[in-house]
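Student: Show me how the following folds:
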Amino acid sequence: MDEIRDGLTEVACDVLVIGGGTAGPMAAYKAKRRNPAARVVLLEKANVKRSGAIAMGMDGLNNAVVPGYATPEQYTKEITIANDGICDQAPVYKYASRCFEIIQELDRFGIKFQKNENGDFDVKKVHHLGSYVLPMPNGDTVKKALYRQLRREKVLISNRYMATRLLTGHDGEIAGAIAVNTRTAEFLVLRAKTVILCAGAAGRLGLPQSGYLWGTYENATNSGDGYAMAYHAGAGLANLECFQINPLIKDYNGPACAYVAGPFGAYTTNSEGNRFIECDYWSGQMMQEFYNELQSGKGPVFLKLDHLHSETISKIEAVLHHVERPTRGRFHENRGTNYRERMIEMHISEIGFCSGHSASGVHVDEFARTTVPGLYAAGDMASVPHNYMLGAFTNGAVAGEHAVEYAANVDLAKYDPGDVVRERARVLAPTKRDDGIPPNQLEYKTRRFVNDYLQPPKVTAKMKIGQARFAEIRDDLENAMVVRDAHELMRSLEVASILDCADMAAHASLFRTESRWGLYHHRVEYPNKDDDAWFCHSILRKQNGRMTAEKRPVAPYIVPIEDSERSAYDRQRILKHA
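Tutor: Prediction:
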């Protein structure tokens, strides 16, 4: 089992999609639908049937722009304000304009969304300003329905292959990718006219309070591989200092789901049972207020449902315990927590990169194009802020359609064969050692140091110490890590991605000398926003083998924001309970 074998195969395609979770399958599906003659390959390090953050299902859509409830302009304004104004509106507006047709298409796939007595979509309000939440009563069928469409369109699926590096041509354009089999360690070179990165969030960056490597808020298989591949290919990555930090159930690796419970009347409170924030929509400022309450004499913080009618709670349980995370019901049962009798203790998650819940990702435009010609990105690793699952579907569709059209007008780029030789040597180096440090120990150490030195509130001296510690770990990774089988080889590659993301998180956080996005980027020495110097994106990239950062202006707004509206998300605290 997992014996390391020697092997190298090369294939060619028009569109290569890396990542089989949410955005990837939709990108591959749409590319094939747009051009049935195109050769489209979907690459996944696990199995597309049950991979990604929606493997077990999803409880609802957090950002559905449904006619009659909201307009693309309203949604674009909401996300711009929620993201402290640092937002290129074009990709957000493109998403908002197209997501309803994607909802209708998913509905035709057999993924049902909650409807009212008139047969209209039953949209709920959780956001600070608008109404965008659409429950999914059979959200556990999402992946099955999506997989059926891939098979119907005859998309070429390559399971158990993990992409390790992107290949670029002589002029910096995309040329394909190198991948390794996660069961045999055999290599696959995929030449491609276009590549779409859909590898998900960097969810295994910080360490959960449990200390368990897999006990993460995000899908634990999402180790930042896409972020690392984009970085090493020279693509720009935007606002990586804007960390993902979410409220979660204490000691359980999942959200408290105020999104689901809120429309039924549940809300977040302090230990006195008093509500202290007006809405439970995730934003950096909401998390700052959450953190402040935890640190005050009124913590801990709880999700309050015990005031609701028992039948109402049963409806909430039907979604929370049977759709997205079936383990949740067992967790509460074993802990003796009955929603009807006790509030649910909440806490703060570990840090990560995820545009789905914040804003940090590979920089893309409204067509999902990165700064590398022929390279696209979508889903939780692309820089469209707060795009969640529906954003992954919609922006994946945008990427697939544009990429296949781009591929029709270019030839396969030539790459340097030496890049493949060097990458094979890098990947296999740990297998050549008789003894050393196993990947899980290096991963634990890296992620513990992420918590020690990068977790907000951010302190300059601590982040610099973190950089020095990460350099020491990299020396161990490159010279002392040992791998015994193909599965452990995959783990070693994930550790390398995690370490790359840790370095990028520290570098980006030190670059932006202000506080912004509430708790996401709270710098103790620079406690205030500085719009004069920092109303811009920070773009991190690899240049001449070194990590660099630069400012990039925010594109002119499509939807104007009034001065009185800009601070709406800063005014969430309920002062009478402060």
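Student: From now on I want contacts and neighbour counts done on CA atoms only, so please keep to that.
Tutor: Fine.
Student: Val189 contacts Leu16, correct?
Tutor: No. Val189 is beyond contact range of Leu16, at 11.3 Å (criterion: C-alpha atoms under 8 Å).
Student: So for the two, which residue has more residues nearby?
Tutor: Leu16 (30 against 19; other C-alpha atoms under 10 Å).
Student: Quick check: beta-bridge partners of that one?
Tutor: As for beta bridges, Leu16 partners with Val41, Val195 under DSSP bridges.
Student: can you give me the strands in the stretch 201-350 of the chain?
Tutor: Assignment of strands within the stretch 201-350 of the chain using DSSP state E, counting those that start in this stretch yields the ranges 237-238, 247-249, 267-270, 301-304, 344-348.
Student: ok so, going back, residues that sit against both of Val189 and Leu16, list them.
Tutor: Residues within reach of Val189 and of Leu16 at once, by C-alpha atoms under 8 Å, 6 or more residues apart in numbering, are Gly176.
Student: Out of the strands of the stretch 201-350 of the chain, which is closest to Thr327?
Tutor: strand 247-249 (12.4 Å; C-alpha to C-alpha).
Student: what does that closest one rub up against?
Tutor: Against strand 247-249 from outside (C-alpha under 8 Å, 6+ apart): 217, 254-257, 287, 344-349.
Student: Same check on stretch 461-476?
Tutor: Contacts of stretch 461-476 (C-alpha under 8 Å, 6+ apart): 437, 442, 445-446, 449-450, 452-454, 499, 502-503, 506, 510.
Student: So what's the predicted local confidence for the residue lying closest to Phe290 once chain neighbours are set aside?
Tutor: Excluding its sequence neighbours, the residue lying closest to Phe290 (C-alpha to C-alpha, 6 or more residues apart in numbering) is Val301, at 7.5 Å. Looking at Val301, its pLDDT reads 94.
Student: for Ala199, same thing?
Tutor: pLDDT, Ala199: 98.
Student: So it, which state does it fall into?
Tutor: coil (DSSP: H, G, I helix; E, B strand; the rest coil).
Student: That one: neighbouring residues, count only.
Tutor: 33.
Student: ok, it - contacts?
Tutor: So, once contact is read as C-alpha under 8 Å, 6+ apart, Ala199 ends up touching 18-21, 24, 222, 224-226, 379-381.
Student: Same list, the contacts of strand 247-249, but as JSON lines with neighbour count, distance to Val142 and pLDDT please.
Tutor: Listed next are these as JSON lines, based on neighbours: other C-alpha atoms under 10 Å; distance: C-alpha to C-alpha, whole Å; pLDDT from 0 to 100:
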{"residue": "Tyr217", "neighbour count": "24", "distance to Val142": "20", "pLDDT": "89"}
{"residue": "Gly254", "neighbour count": "21", "distance to Val142": "19", "pLDDT": "80"}
{"residue": "Pro255", "neighbour count": "21", "distance to Val142": "19", "pLDDT": "78"}
{"residue": "Ala256", "neighbour count": "23", "distance to Val142": "21", "pLDDT": "73"}
{"residue": "Cys257", "neighbour count": "19", "distance to Val142": "19", "pLDDT": "74"}
{"residue": "Met287", "neighbour count": "22", "distance to Val142": "29", "pLDDT": "92"}
{"residue": "Ile344", "neighbour count": "21", "distance to Val142": "28", "pLDDT": "91"}
{"residue": "Glu345", "neighbour count": "21", "distance to Val142": "30", "pLDDT": "93"}
{"residue": "Met346", "neighbour count": "24", "distance to Val142": "28", "pLDDT": "92"}
{"residue": "His347", "neighbour count": "22", "distance to Val142": "29", "pLDDT": "92"}
{"residue": "Ile348", "neighbour count": "20", "distance to Val142": "28", "pLDDT": "93"}
{"residue": "Ser349", "neighbour count": "25", "distance to Val142": "26", "pLDDT": "94"}
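Student: Check these against Glu488 and report the nearest one.
Tutor: Using C-alpha to C-alpha, the contacts of strand 247-249 come closest to Glu488 at Tyr217, 22.9 Å.
Student: where in the chain is pLDDT low?
Tutor: 1, 128, 575-578 (pLDDT under 70).
Student: residue contacts, the residue with the largest distance to the centre of it?
Tutor: Relative to the mean C-alpha coordinate of the chain, counting by C-alpha atoms, centre = their mean, the farthest residue is Asp434 (36.4 Å). Contacts for Asp434 (C-alpha under 8 Å, 6+ apart) come out as Val482.
Student: name the element it belongs to?
Tutor: Using DSSP states H and E, Asp434 sits in no helix or strand.
Student: Helix, strand, or coil at the residue nearest to Ile174 when sequence neighbours are not counted?
Tutor: Spatial nearest neighbour of Ile174, chain neighbours left out: Thr168 (4.4 Å); criterion: C-alpha to C-alpha, 6+ apart. Secondary structure, three-state DSSP: Thr168 is strand.
Student: residues in contact with Thr168?
Tutor: Thr168 touches 174-176, 233, 413-415, counting by C-alpha under 8 Å, 6+ apart.
Student: rewinding a little: I'd like the distance between the residue nearest to Phe290 and Ile249.
Tutor: Val301 sits 10 Å away from Ile249, going by C-alpha to C-alpha, to the nearest Å.
Student: can the contacts of strand 247-249 go into CSV with extra columns for distance to Leu489?
Tutor: Listed next are the contacts of strand 247-249 as CSV, based on distance: C-alpha to C-alpha, whole Å:
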residue, distance to Leu489
Tyr217, 24
Gly254, 28
Pro255, 31
Ala256, 34
Cys257, 35
Met287, 37
Ile344, 39
Glu345, 38
Met346, 36
His347, 34
Ile348, 32
Ser349, 28
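Student: Tell me the one of these nearest Arg34?
Tutor: Distance to Arg34, by C-alpha to C-alpha, is smallest for Tyr217 among these, at 35.3 Å.
Student: Wait, the closest one touches Ser349, no?
Tutor: Yes. Tyr217 is within contact range of Ser349, at 6.4 Å (criterion: C-alpha under 8 Å).
Student: Just confirm Ala382 contacts Phe367, I think it does.
Tutor: No. With contact defined as C-alpha under 8 Å, Ala382 does not reach Phe367; the gap is 11.4 Å.
Student: which of the two has more neighbours?
Tutor: Ala382 (34 against 22).
Student: Name the residues linked to that one by a beta bridge.
Tutor: Under the criterion used here (DSSP bridges), Ala382 is bridged to Val362.
Student: Please tell me how far it sits from His357.
Tutor: Counting by C-alpha to C-alpha, the gap from Ala382 to His357 is 11 Å.
Student: Most tightly packed of the strands of the stretch 201-350 of the chain?
Tutor: Mean neighbours per residue, mean count of other C-alpha atoms under 10 Å, is largest over these for strand 237-238, with a mean of 28.
Student: What about Asp140, how many residues nearby?
Tutor: 22.
Student: Now it. Its backbone dihedrals?
Tutor: phi -80, psi -10 (degrees, to the nearest 10).
Student: Next: Tyr161.
Tutor: Main-chain dihedrals, Tyr161, degrees, to the nearest 10: phi -120, psi 120.
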